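[1] sharing a sequence plus its predicted fold:
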Amino acid sequence: MDGLDDDEFEFECPKLGKPISSLDSDLCPIPDPDPNVSALKLDESYEVVRVEQEVEEGWVPLSYKPKQPLWKHLSEESFLSGLDPSIVSSYKKPLSSKQLSNDSINVEVISPPSSALSTTQAKAEDKIVLYFTTLRGIRKTYEDCCCVRTILRGFQVTVDERDISMDSKYRKELQSMVGDAEKPVCLPQVFIGDTHIGGVEEIMKLNDSGELVEMLKGFPACECLGTCKSCGDARFVPCSNCDGSTKVFEEEDEMFKRCSKCNENGLVRCLECCL
């Protein structure tokens, strides 16, 4: 441009480490290197950090071990050696008697007496029959039935459970056994052999007094414990002949007839869990 000379403007490339102007030097002062500071001090500070790091890496935490009393660390012989012989004998006598009593209990459980075996053979033909219902229309009746079933199952004996809500034949059978076919019978009802025991109150009293255990001795034990996989403890399964419809088709007569193998609900007794 005219009137402007190149000599009036001088541009210099600033060197590193030197301030460009006085303003820059005030804002960003660069300290002068201290001649007393040597590389040895830097090395020493680095060495200190490095040693601390090695100590931290090599340190292994000890596992927590709770304190135990001294007698737990001693064996029985070393613990009893410093005691009076009379005290040692009084200490060992109860332990030996307790061990003998435990052994005798185990022998009695494993090998039952011969009288129980003879009673089992004598009552092999008897049965425990329980008449109950699974309907929940009357809550108290349902709870009483569950209570009696739980008590009898606790003895792990075979019980012939007959649900009158599943088969009307059981209701008629129970009424005829009680003696009054017209009067309704309260449920549940238990029969042990040919003896009519009664309902929930009688079973609970006999169970509390311990007489029920004596009455159930000799009956066969229940082979399958827990829920039946075939019927789910319903004691009934759908009829395989009519598939639960209670009707079968007769080809000779060309008509449907009543199935003769199931009850009025199209159910038959479960062969897995019923007697």
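    Yep, that arrived. Numbering: from 1, shown residues only.

[2] low-confidence ranges in the stretch 151-275 of the chain?
    Counting by pLDDT under 70, the stretch 151-275 of the chain contains low-confidence residues at 180-183, 275.

[3] can you map out the helices along the chain?
    22-27, 39-58, 70-73, 76-81, 85-110, 114-122, 139-154, 168-178, 200-209, 211-215 (DSSP state H).

[4] least confident of these, on average?
    Mean pLDDT values for the helices of the chain show the minimum at helix 114-122, a mean of 38.

[5] got the domain boundaries for the protein?
    Residue ranges for the domains of the chain, per automatic domain parsing: 118-215, 224-275.

[6] now render those as TSV, adding mean neighbour count.
    In short, each C-beta sits where N, CA and C put it, glycine included. Listed next are the domains of the chain as TSV, based on neighbours: other Cβ atoms under 10 Å:
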stretch	mean neighbour count
domain 118-215	15
domain 224-275	14
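
[7] against R235, how distant is the residue nearest to P238 when sequence neighbours are not counted?
    Using Cβ to Cβ, 6 or more residues apart in numbering and skipping the chain neighbours, the partner closest in space to P238 is G244 (3.9 Å). Applying Cβ to Cβ, to the nearest Å, the value for G244 to R235 is 15 Å.

[8] next one: F191
    According to Cβ to Cβ, F191 and R235 sit 17 Å apart.

[9] the residue nearest to P238 touches N263, doesn't it?
    No: here G244 does not reach N263: they are 10.6 Å apart, not a contact under Cβ atoms under 8 Å.

[10] check contacts around the residue nearest to P238.
    Each residue near G244 by Cβ atoms under 8 Å, 6 or more residues apart in numbering is listed here: P238, C262, N265, G266, L267.
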